[in-house]
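1. pasting the sequence and the predicted coordinates here, then a few questions.
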Amino acid sequence: MPFLIGIDEAGYGPNLGPLVIAATLWRIDGPLPDDDQLDARVAQVISRQAPRARRALVKAGAATDAVARSTAARRVRIADSKAIYKPHLGLAPLELNVLAMSTAAGALPTDCLAFWQTVAPQAVPHRDAEVWNREFNPQLPLEADARTIARLGQRVAAGLEVAGLRFLGARATVLFPAQFNQCVADAGSKGAALSHLSVALMAECLATCRGGEVIRVLGDKHGGRHYYGPLLQHQFPEWLVEVHDEGAARSLYRFGPPERRVEVVFRARGERSLPTALASMFAKYLRELSMRAFNKFWCARVPQLRPTAGYPGDAQRFKRAIAGAQAELGIDDAALWRSR
């Protein structure tokens, strides 16, 4: 049975909070279709479910901006995190779907730290180095209904089994500001840093794919980058990375032994595919957990401080507002401010 891996990020643009790159890992019955037919194959697999199970999933690529109109969800929705998470709706729509899918994979952490340990274990020491994160460990879910999460998770697991598709879980790389700044300096640019980190996470996921199956990796294009061959060749020096397509729509590469070929596809609007869309949701949820901790810490110390999402402009407002408290606490700018 082949593997599918979807990779996407959250938090590329902000000055505050972490950059999170997440991957989701899947197995599918039968051979993988060629290249552009993958999304159609996933949609076809999902459409074969029994009627009750079908309501638990969405077709790959069927995401719309209206996907999160209500927190009283009756089914799991998988879409680009920008379509699921709307600040005015709160965290519940995103949280419900992420934790329901975690349940479907057989792992539902009971608190914030446990979720980090499950999805991003290597990031936990860096997370705990930040005082606002170290002190933040609420029970999960924060806003969504626990019983609904359990019910939908079980329904999704049953639907996936009927569909011949299994969600194996998510894995994430998280860079907090000090790490982020160092990584950008080493890579030469923010875009190069994102590409290097994404390919490294890809390698980490590939190492968990046991057996002699075909592996397809799907990622969203990194800005205007079309050429990923040198990055892949550097990460996988034992194989010749074959370049099959490099253009505005997609960049396609293949490598590995004949019995275990790996195909890597970076696509424009890659989050239309189900594995990549779910990766964006896990990445966004981890970032939002971190920003909850960040805002709670500073709002408790600065009267009438409005929380921030960390994006340019508002981040400057927030930084000016906390400057006095930051100086009193002896927290250096390098611990909270991303230079690019």
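-> Sure, I can see it.
2. after the longest helix along the chain, next one along is what?
-> With secondary structure taken from DSSP state H, the chain has its longest helix at helix 274-299. Sequence-wise, the next helix or strand downstream of helix 274-299 (DSSP states H and E) is helix 314-329.
3. now the strands for the protein?
-> Counting by DSSP state E, the chain has strands at residues 3-10, 19-28, 165-175, 215-220, 242-246, 250-255, 262-267.
4. can you lay out the ones you listed as JSON lines showing mean pLDDT?
-> Formatted as JSON lines, those follow (pLDDT from 0 to 100):
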{"stretch": "strand 3-10", "mean pLDDT": "95"}
{"stretch": "strand 19-28", "mean pLDDT": "95"}
{"stretch": "strand 165-175", "mean pLDDT": "94"}
{"stretch": "strand 215-220", "mean pLDDT": "93"}
{"stretch": "strand 242-246", "mean pLDDT": "97"}
{"stretch": "strand 250-255", "mean pLDDT": "96"}
{"stretch": "strand 262-267", "mean pLDDT": "94"}
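5. re the thing from before, and the longest helix of the chain with strand 3-10, angle?
-> Compare the direction of helix 274-299 with that of strand 3-10 by axes from the mean of the first three to the mean of the last three C-alpha atoms, to 10 degrees and you get 30 degrees.
6. buried ones in helix 274-299?
-> 274-295, 297-299 (16 or more other C-beta atoms under 10 Å). No exception for glycine: its C-beta is placed from N, CA and C like everyone else's.
7. residue 149 and residue 86, how far apart?
-> Look at residue 149 and residue 86: by C-beta to C-beta, to the nearest Å, they are 19 Å apart.
8. likewise residue 194?
-> Distance from residue 194 to residue 86, counting by C-beta to C-beta: 24 Å.
9. between these two, which is the more surrounded one?
-> residue 194 (21 against 15; other C-beta atoms under 10 Å).
10. what's the neighbour count on the nearest residue to that one once chain neighbours are set aside?
-> Leaving aside its chain neighbours, residue 194 sits nearest to residue 222 (5.3 Å; criterion: C-beta to C-beta, 6 or more residues apart in numbering). Residues lying near residue 222 (other C-beta under 10 Å) number 21.
11. pLDDT score assigned to residue 222?
-> pLDDT recorded at residue 222 is 90.
12. wait, it touches residue 196, no?
-> No - contact between residue 222 and residue 196 fails when scored by C-beta atoms under 8 Å: they sit 10.1 Å apart.
13. list the contacts of the residue nearest to residue 194.
-> Taking C-beta atoms under 8 Å, 6 or more residues apart in numbering as the criterion, residue 222 is in contact with 191, 194, 195, 198, 266.
14. kindly report the same for residue 308.
-> 16, 291, 295, 314, 315, 317, 318.
15. what two of those are the furthest from one another?
-> 291 and 317 (15.2 Å; C-beta to C-beta).
16. can I get the strands of the chain in TSV with distance to residue 98 and mean neighbour count?
-> As requested, the strands of the chain are arranged in TSV below (distance: least, C-beta to C-beta, whole Å; neighbours: other C-beta atoms under 10 Å):
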stretch	distance to residue 98	mean neighbour count
strand 3-10	12	27
strand 19-28	10	26
strand 165-175	8	22
strand 215-220	18	25
strand 242-246	32	14
strand 250-255	27	20
strand 262-267	23	23
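17. now tabulate these in CSV and tack on distance to residue 135.
-> Output for the strands of the chain, formatted as CSV (distance: least, C-beta to C-beta, whole Å):
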stretch, distance to residue 135
strand 3-10, 23
strand 19-28, 20
strand 165-175, 18
strand 215-220, 33
strand 242-246, 46
strand 250-255, 42
strand 262-267, 38
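18. show me what contacts the residue nearest to residue 204 when sequence neighbours are not counted?
-> Leaving aside its sequence neighbours, residue 204 sits nearest to residue 171 (C-beta to C-beta, 6+ apart; 6.6 Å). The contact partners of residue 171, by C-beta under 8 Å, 6+ apart, come to 22, 23, 25, 119, 120, 201, 204, 205.
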